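[1] A predicted structure for the sequence below; I have some questions about it.
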Amino acid sequence: MAYIKLDKSNLILNLNILARKAGSKEKIAVVLKDNAYGHGILEIAKIASEFGIKEAVVASFSEALKIKSYFKNILILGGEVVKDSKFSFAINDFESIKRLPKNLKLELKVDTGMHRNGISFDQLKDALKLIKQKELNLIGIMTHYRCADELSSEYFWQKKRFEEVKKIAFEMGFFNLRFHSHNSAALLRSSKFNEDIARVGIAIYGYNPLPKCFGDFNLKPVLSLWAKRVSSKILRAGERVGYGGDFIVKQEGIYSTYDLGYGDGWPRGDSKKAYILPDGKKIVGRVSMDFITLETDEEEVCIMDNAEVASKQFDTISYEMTTQLSPSIKRIVV
């Protein structure tokens, strides 16, 4: 079976870099949504907890339940709302506040410019009034940057807008709140981090989302993808490989199939633009649902050890390369 290696030392290295940037490990909230960006939510949660991380962020209640024992508090970004002392829930719109149960632990998301989720700035005062009236347990206020990973001034005006949000919250009597707006890019580019936590995702997995002009933070990829040989055969010049026979053998050689395909979340891609493995080998012909073909008879091969490098071959981003990997692929911590 194809499998994934998770490099524990690289993950700890990345967490150390980010903790120093934030000021302490207590200020890091690891984002483990979507199976920890495809890395494996249980595996990453366990290592992060051992390192001393107390805060996590997930997409759903079901994800939170899986890692409940590892963290002091888990922020759930959407979906089902169930009261639990360890869980806080991101509230994204004004109407949903009306339906929430008394004493629910929540964190109000304010739209400061992303225009995806969050109540509008104009609704903030009314939302805070309603939260008081319904006796909800507001523990935090948050926002999200739309362009923190770009060389532009947008990060700064959103940050200034969020400062106005904080001021309004204080004026309305909310003093014991945590405020958080920084993702990986915002934390890495900040010269002085002064919020309560940073919600760090892609950087803990080893990828720097910022342009090169911001510098190299020496983050190391955590995930590598491996496939094992299923069968081998000698093919002669002129023979064709796979569906459609897109690849034509130029000279006799040994060709093998390996147990990885688009059914496992590996991109089908374009057979006319062969994917190049880290060691220089190429996938020949079309990717099948469960198999790829290579000109080798090695017992196992590394398909990807850097999602950012691999993503450029498919004209996508590192996030997609890892998150689309099937949860059924075995994860091994090394």
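    Nice, thanks for sending it over.
[2] Over to the nearest residue to residue 51 once chain neighbours are set aside. Which of the three states is it?
    Spatially, and ignoring its direct neighbours in sequence, residue 51 is nearest to residue 15 (5.2 Å; CB to CB, 6 or more residues apart in numbering). Using the backbone N, CA and C atoms, a C-beta is placed for each residue, glycine as well. Assigned by DSSP: H, G, I helix; E, B strand; the rest coil, the conformation of residue 15 is helix.
[3] Check the one 4 residues further on too.
    Applying three-state DSSP to residue 19 yields a three-state assignment of helix.
[4] Which residue ranges of the stretch 101-250 of the chain form strands?
    105-111, 119-120, 137-142, 178-180, 198-200, 223-235, 240-241, 247-248 (DSSP state E, counting those that start in this stretch).
[5] Point out the most buried one among these.
    Most buried of the strands of the stretch 101-250 of the chain, by mean neighbour count (mean count of other CB atoms under 10 Å): strand 198-200, with a mean of 26.
[6] returning to that earlier point: just so I know, which of the strands of the stretch 101-250 of the chain lies nearest residue 54?
    Among those, the nearest to residue 54 by CB to CB is strand 178-180 (12.2 Å).
[7] Turn the strands of the stretch 101-250 of the chain into JSON lines, including mean pLDDT and distance to residue 296.
    Shown next, in JSON lines, are the strands of the stretch 101-250 of the chain (pLDDT from 0 to 100; distance: least, CB to CB, whole Å):
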{"stretch": "strand 105-111", "mean pLDDT": "96", "distance to residue 296": "50"}
{"stretch": "strand 119-120", "mean pLDDT": "94", "distance to residue 296": "56"}
{"stretch": "strand 137-142", "mean pLDDT": "97", "distance to residue 296": "49"}
{"stretch": "strand 178-180", "mean pLDDT": "97", "distance to residue 296": "48"}
{"stretch": "strand 198-200", "mean pLDDT": "98", "distance to residue 296": "38"}
{"stretch": "strand 223-235", "mean pLDDT": "98", "distance to residue 296": "8"}
{"stretch": "strand 240-241", "mean pLDDT": "96", "distance to residue 296": "13"}
{"stretch": "strand 247-248", "mean pLDDT": "96", "distance to residue 296": "14"}
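[8] Do a quick rundown of the helices in this structure.
    In the chain, the helices defined using DSSP state H lie at 8-22, 33-37, 41-51, 61-66, 94-97, 124-133, 154-171, 184-189, 307-313, 318-323.
[9] picking that back up, any idea which of the strands of the stretch 101-250 of the chain gets closest to residue 330?
    Residue 330 lies closest, by CB to CB, to one member of the strands of the stretch 101-250 of the chain: strand 223-235, at 9.8 Å.
[10] Between helix 8-22 and that closest one, find me the angle.
    Per axes from the mean of the first three to the mean of the last three CA atoms, to 10 degrees, the angle that strand 223-235 makes with helix 8-22 is 150 degrees.
[11] Strand 223-235: partners in the sheet, and parallel or antiparallel?
    strand 3-6 (antiparallel), strand 253-258 (antiparallel), strand 300-304 (antiparallel) (DSSP bridges).
[12] Please compute how far that strand lies from its chain's middle.
    Taking CA atoms, centre = their mean, to the nearest Å, one finds the center of strand 223-235 at 28 Å from the center of the full chain.
[13] With only the CA atoms kept, save it in PDB.
    What follows is strand 223-235, C-alpha atoms only, in PDB (Å, rounded to 0.1, in the frame of the first residue of the first chain):
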ATOM      1  CA  LEU A 223       5.000  15.100   4.800                       C
ATOM      2  CA  SER A 224       6.400  12.800   2.100                       C
ATOM      3  CA  LEU A 225       4.300  10.400  -0.100                       C
ATOM      4  CA  TRP A 226       5.600   7.000  -1.000                       C
ATOM      5  CA  ALA A 227       4.300   4.200  -3.300                       C
ATOM      6  CA  LYS A 228       5.100   0.500  -3.400                       C
ATOM      7  CA  ARG A 229       5.700  -1.600  -6.500                       C
ATOM      8  CA  VAL A 230       2.800  -3.900  -7.600                       C
ATOM      9  CA  SER A 231       4.300  -5.500 -10.700                       C
ATOM     10  CA  SER A 232       7.100  -5.200 -13.300                       C
ATOM     11  CA  LYS A 233       7.600  -6.100 -16.900                       C
ATOM     12  CA  ILE A 234      10.000  -5.500 -19.800                       C
ATOM     13  CA  LEU A 235       8.600  -3.400 -22.500                       C
END
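[14] okay, now the closest residue in space to residue 128 that isn't next to it in sequence: neighbour count?
    Sequence neighbours aside, residue 172 is the residue nearest to residue 128 in space, at 5.0 Å (criterion: CB to CB, 6+ apart). Counted with other CB atoms under 10 Å, the neighbours of residue 172 add up to 14.
[15] Make sure residue 172 is actually in contact with residue 127.
    No - judged on CB atoms under 8 Å, residue 172 makes no contact with residue 127 at a distance of 10.1 Å.
[16] count of residues packed around residue 320?
    With other CB under 10 Å as criterion, residue 320 counts 16.
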